[in-house]
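Enquirer: Give me a 3D structure for the following:
(chains A and B)
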2 protein chains.
Amino acid sequence: MGRTMTDDFERMWADLTPIGRSAASGGYFRQPFLGAETELRAWFVEQAVARGLDVEADGVGNVVAWWDPPVGVGSEAGTAVLTGSHLDSVLDGGAYDGPLGVVSALAAVDLLRSRGFVPGRRIGVSVFAEEEGSRFGLACLGSRLAAGALSWGDARELRDRSGVALPDALSAVGLAGESVLSLADVGTFVELHVEQGRDLVDRGAPVGIASGIWPHGRWRFDFAGEANHAGTTRMEDRADPMLTYAMTALAANKQARLAGARATFGRVEVTPNGTNAVPSRVVAWLDARCSSDEALAGLVEAVSRQGLDRAGRDGTSLEVTAESVSSSVVFDAGLAASLAADHEGGDWPVLPTQAGHDAGILSAAGIPSAMLFVRNPTGVSHSPAESAQMSDCLVGVSALADTLERLAQGGAR
Amino acid sequence: MGRTMTDDFERMWADLTPIGRSAASGGYFRQPFLGAETELRAWFVEQAVARGLDVEADGVGNVVAWWDPPVGVGSEAGTAVLTGSHLDSVLDGGAYDGPLGVVSALAAVDLLRSRGFVPGRRIGVSVFAEEEGSRFGLACLGSRLAAGALSWGDARELRDRSGVALPDALSAVGLAGESVLSLADVGTFVELHVEQGRDLVDRGAPVGIASGIWPHGRWRFDFAGEANHAGTTRMEDRADPMLTYAMTALAANKQARLAGARATFGRVEVTPNGTNAVPSRVVAWLDARCSSDEALAGLVEAVSRQGLDRAGRDGTSLEVTAESVSSSVVFDAGLAASLAADHEGGDWPVLPTQAGHDAGILSAAGIPSAMLFVRNPTGVSHSPAESAQMSDCLVGVSALADTLERLAQGGAR
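Expert: Below is the predicted model of the structure:
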């Protein structure tokens, strides 16, 4: 056929490049269950069908394309090898976070076939829905449902910023909700992802392996005060929740620096948000991550306490609600070590990450999981500046194919 | 007829109560050139027509209902007496700010007629458009255009938060733009308004008179940084504009307290506004007011300087743009004194206000102007909690009628 892995990967990458891209910023808006992300899911199904893979799709936007062993080759139940990532993005995000793992998985299947590999176990290429939590606020929504970490009964209550309930958002793009695909047959999960930092640049490696994921979560901070006229109300007569918020945002930054952790207020909603009115309410979301569960609880506690102290002085109130908290994840150490070993130029680095991933959800659900990271020259992620070099991407595909080959052979992994 | 001033006022007030009211907050959403505010303007025209007044409406939403002297009574050009206010509200505002002045003006006309008063000069009841600046960002848009303080050429470039240009917003509700009514015939302007503080409560007076308006303005603060992943980006590698904004908001509060002035950040827009992304940009609007033009310039300068210092430390940038600045207004002192004198229980207080009003625009344009304030028990304004007692409102109507009677007699005022 004359086609090479490079052709396959580059062609697919070119297919995706324009979808959901903002002409203004160059960033991507691929929120779940809307135009661009729905187009990407349709594209994925097309790609799977074109490869003769069996498509298993559920009612919440998760899709797996299965490559089954030939008829007559017995595939032991519970040993399937799953690989993939997600197709949604944060608001104004980068091209690589998510799609790189999906495209690399399809390209790895192509590469294995071009090598004449015949799987002894089922290989699935997966796309999990709403990984970023950019619309319904709960990161890894699709994989949480599939892994049984979230019930449909709880998920159906989720609403987006406009008040649209999840079941309505799903039905608007022809998804029925309720039914969720089962991961019962999955024995191993491998997710390839663009690196979201510069460790691989510093270490001179094109690819790295994840050791685990920091505990992390999202907390909603509700600051309430009293709306009033911005001109006539004396400063000392105000109950201005913007001040309480501002001080809390600075406190979060300081606490995270002191703890060697991460704390961010990246989302704020002000009511009524008028220039000449003291706000009645400011709602802000804290994203916090630490190296241990205890440190994370301590960080959020410290930020909340400083916010409450300031609320007392401002005459405002503060309520803190945990929206999602993910405990520490430690990936399968043997799997990580085998993925890291024996590469040209030495072993690849094994590193922790501070970012949540579907692989963390599956790992927490008891499925041995691993992650491959592809070097990101800018180190920037969740931004149009996110990037990866084509040559590194192809090393990633090749490493993923090698991994699948090893895991999906007839014998033990 | 048996109808009394109380009937007239209460009936009109009851007409307006449900229009644009939020069931959730009890506050009003009467943004210019949208449903509720358009309904209010139509209501006003109906009321004027029912009273046999001549309606003069322009292409930008300003309306004056004229009560002309009887045929044969020569009304000297340039001596008309105008009274009125506005019908738009801030987002989630109160019932009184604006409509109280319009309804009181109509009720004052009713009262004068019931007294058998025959005007020797034209009396106009006015409604000026977009007084709050809640949609197009420029307060007193309609009166600025009418007074010649703003050209249609500049106004047509204004856009609302959704990017809708003023001419398109106008044409969506059947207004043609361009044509603006003339105030050339106006010799005096009197605006009745709910008080936006508690001075009249403290002084035990139902009504007060304005001495002048503090200098005030709006400045846009553009904080720019670098979007990045909220989990993987080390605190020390960030350029987070939210931090620069937070510190600037606290600095504005502190500077205003020190200066006995007012400074508020009540409106904030964050890009991309996602929980797990360090923002690339925060835009916030400073509303600042001081007792002198110099003090106001000094306050904004001090806040900007502190913001720029912090931007240097955060690796972000800050650009400050004045969107509108109104100089100090001193109302006609003789007019104010005559309005304040000779009431039951002594003279009414004469007070400065920190709020901008159409009366300030007309005064700055050389039209002798005055303002009557009606006591507000909560002192709260730009909020659903804004209030006035019916008995105080009726004292206001009566005082306004007395004022119009004196000003619109055949002789000198």
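
Enquirer: how close does A:Val270 get to B:Gly260?
Expert: 26 Å (CB to CB, to the nearest Å). To be clear about C-beta, it is placed using only N, CA and C from the backbone, and glycine gets the same treatment.

Enquirer: So A:Asp287 sits against B:His229, correct?
Expert: No. Counting by CB atoms under 8 Å, A:Asp287 does not reach B:His229; the two are 9.6 Å apart.

Enquirer: what sits against A:Ala337?
Expert: A:Val350 (CB atoms under 8 Å, 6 or more residues apart in numbering or on different chains).

Enquirer: The residue of chain A most remote from its centre: which element?
Expert: Here the centre of chain A is the reference, and by CA atoms, centre = their mean the most remote residue is A:Thr232, at 46.7 Å. Here A:Thr232, judged by DSSP states H and E, is contained in no helix and no strand.

Enquirer: how about the nearest residue to it, chain neighbours excluded?
Expert: B:Gln196 (3.7 Å; CB to CB, 6 or more residues apart in numbering or on different chains).

Enquirer: Give the burial count for the one you found, as a bare number.
Expert: For B:Gln196, the neighbour count with other CB atoms under 10 Å in any protein chain shown is 26.

Enquirer: just A:Arg305 next, same as before
Expert: Other residues close to A:Arg305 by other CB under 10 Å number 14.

Enquirer: Please export the C-alpha coordinates of stretch A:60-67 as PDB.
Expert: Below are the C-alpha coordinates for stretch A:60-67, written out as PDB (Å, rounded to 0.1, in the frame of the first residue of the first chain):
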ATOM      1  CA  VAL A  60     -23.300   9.300  27.600                       C
ATOM      2  CA  GLY A  61     -20.800   9.800  24.800                       C
ATOM      3  CA  ASN A  62     -18.200   7.100  25.600                       C
ATOM      4  CA  VAL A  63     -17.100   5.100  22.500                       C
ATOM      5  CA  VAL A  64     -14.800   2.100  22.200                       C
ATOM      6  CA  ALA A  65     -13.600   0.700  18.900                       C
ATOM      7  CA  TRP A  66     -12.600  -3.000  19.300                       C
ATOM      8  CA  TRP A  67     -10.000  -5.000  17.400                       C
END
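
Enquirer: before we move on, the earlier item: what do A:Asp287 and B:His229 both touch?
Expert: Contacts common to A:Asp287 and B:His229, judged by CB under 8 Å, 6+ apart, are B:Asn276.

Enquirer: just checking, A:Val329 touches A:Gly360?
Expert: Yes. Counting by CB under 8 Å, A:Val329 touches A:Gly360, with 4.2 Å between them.

Enquirer: what touches both of the two?
Expert: Common neighbours of A:Val329 and A:Gly360 (CB under 8 Å, 6+ apart) are A:Ile213.

Enquirer: Can you point out the buried residues in the longest helix along chain A?
Expert: If you go by DSSP state H, chain A has its longest helix at helix A:293-314. Within helix A:293-314, the residues that count as buried by 16 or more other CB atoms under 10 Å in any protein chain shown are A:295-296, A:299-300, A:302-304, A:306-308, A:310-311, A:314.

Enquirer: Nearest to B:Asp240, out of these: which one, please.
Expert: Checking these against B:Asp240 by CB to CB gives A:Val303 as the nearest, at 15.3 Å.

Enquirer: Can you tell me, leaving aside adjacent residues, what's nearest to that closest one?
Expert: Nearest to A:Val303 is A:Ala252, by CB to CB, 6+ apart, at 4.6 Å.

Enquirer: The one you found: helix or strand, and which one exactly?
Expert: helix A:241-259.

Enquirer: quick one: average confidence on that helix?
Expert: The pLDDT scores in helix A:241-259 average 97.

Enquirer: Going along the chain, name the helices of chain A.
Expert: Counting by DSSP H, the helices of chain A are A:5-16, A:35-50, A:99-114, A:141-147, A:152-155, A:166-172, A:199-203, A:241-259, A:293-314, A:333-340, A:358-364, A:390-407.

Enquirer: any residues touching the last one, and which ones?
Expert: Contact partners of helix A:390-407, identified using CB under 8 Å, 6+ apart, comprise A:5-6, A:9-10, A:13, A:81, A:83, A:100, A:104-105, A:107-109, A:111-112, A:115, A:117, A:121, A:123, A:188, A:190, A:192, A:206-207, A:338-339, A:343, A:370, A:372, A:374-375, A:413.

Enquirer: Narrow the residues you listed to those that are buried.
Expert: Here, 16+ other CB under 10 Å leaves A:5, A:9-10, A:13, A:81, A:83, A:100, A:104-105, A:107-109, A:111-112, A:117, A:121, A:123, A:188, A:190, A:192, A:206-207, A:338-339, A:370, A:372, A:374-375, A:413 buried among the contacts of helix A:390-407.

Enquirer: okay but A:Ala129 is in contact with A:Arg30, surely?
Expert: No. With contact defined as CB under 8 Å, A:Ala129 and A:Arg30 do not form a contacting pair (11.5 Å).

Enquirer: who touches both of the two?
Expert: With CB under 8 Å, 6+ apart, A:Ala129 and A:Arg30 have common neighbours A:Asp88.

Enquirer: Report how many residues lie close to the spatially closest residue to A:Glu178 that is not a sequence neighbour.
Expert: Nearest residue to A:Glu178 in three dimensions, chain neighbours excluded: A:Gly59, at 5.2 Å (CB to CB, 6+ apart). As a burial measure, A:Gly59 scores 18 neighbours (other CB under 10 Å).

Enquirer: just A:Leu250 next, same as before
Expert: So A:Leu250, with other CB under 10 Å, has 20 neighbours.

Enquirer: Give me every residue in the stretch 51-200 of chain A lying close to chain B.
Expert: Proximity of the stretch 51-200 of chain A to chain B, by CB under 8 Å from any CB of the partner chain, involves residues A:Val90, A:Leu91, A:Asp92, A:Gly93, A:Glu132, A:Gly133, A:Ser134, A:Gly137, A:Ala139, A:Gln196, A:Gly197.

Enquirer: Read off the pLDDT value for A:Ala412.
Expert: With respect to pLDDT, A:Ala412 has a value of 39.

Enquirer: nope, A:Glu76 is what I was after
Expert: So A:Glu76 comes in at 81 (pLDDT).

Enquirer: and the gap between it and A:Arg121?
Expert: 7 Å.

Enquirer: what comes up buried for the helix holding A:Ala252?
Expert: In helix A:241-259, counting by 16+ other CB under 10 Å, buried: A:241-256, A:259.

Enquirer: tell me what that helix is packed against?
Expert: Contacts defined by 3 or more CB pairs under 8 Å, 6 or more residues apart in numbering or on different chains; DSSP states H and E place helix A:241-259 against strand A:216-224, strand A:262-271, strand A:281-289, helix A:293-314, helix B:241-259, strand B:262-271.

Enquirer: What's the mean pLDDT across stretch A:41-48?
Expert: Mean predicted lDDT for stretch A:41-48 stands at 97.

Enquirer: Buried residues of that stretch, list them for me.
Expert: Buried, per 16+ other CB under 10 Å, within stretch A:41-48: A:Arg41, A:Trp43, A:Phe44, A:Val45, A:Gln47, A:Ala48.

Enquirer: Could you list which residues are in contact with the first one?
Expert: When the contact criterion is CB under 8 Å, 6+ apart, the partners of A:Arg41 are A:Gly61, A:Val63, A:Leu87, A:Val127.

Enquirer: Can you redo the residues you listed as TSV, where the extra columns are distance to A:Arg220?
Expert: What follows is the contacts of A:Arg41, written out as TSV (distance: CB to CB, whole Å):
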residue	distance to A:Arg220
A:Gly61	24
A:Val63	31
A:Leu87	27
A:Val127	28
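
Enquirer: Return the subset of those lying in strands.
Expert: Applying DSSP state E to the contacts of A:Arg41, the entries found in strands are A:Val63, A:Val127.

Enquirer: As a markdown table, the contacts of A:Arg41 with pLDDT and neighbour count would be great.
Expert: What follows is those, written out as a markdown table (pLDDT from 0 to 100; neighbours: other CB atoms under 10 Å in any protein chain shown):
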| residue | pLDDT | neighbour count |
| --- | --- | --- |
| A:Gly61 | 98 | 27 |
| A:Val63 | 98 | 23 |
| A:Leu87 | 98 | 29 |
| A:Val127 | 98 | 28 |
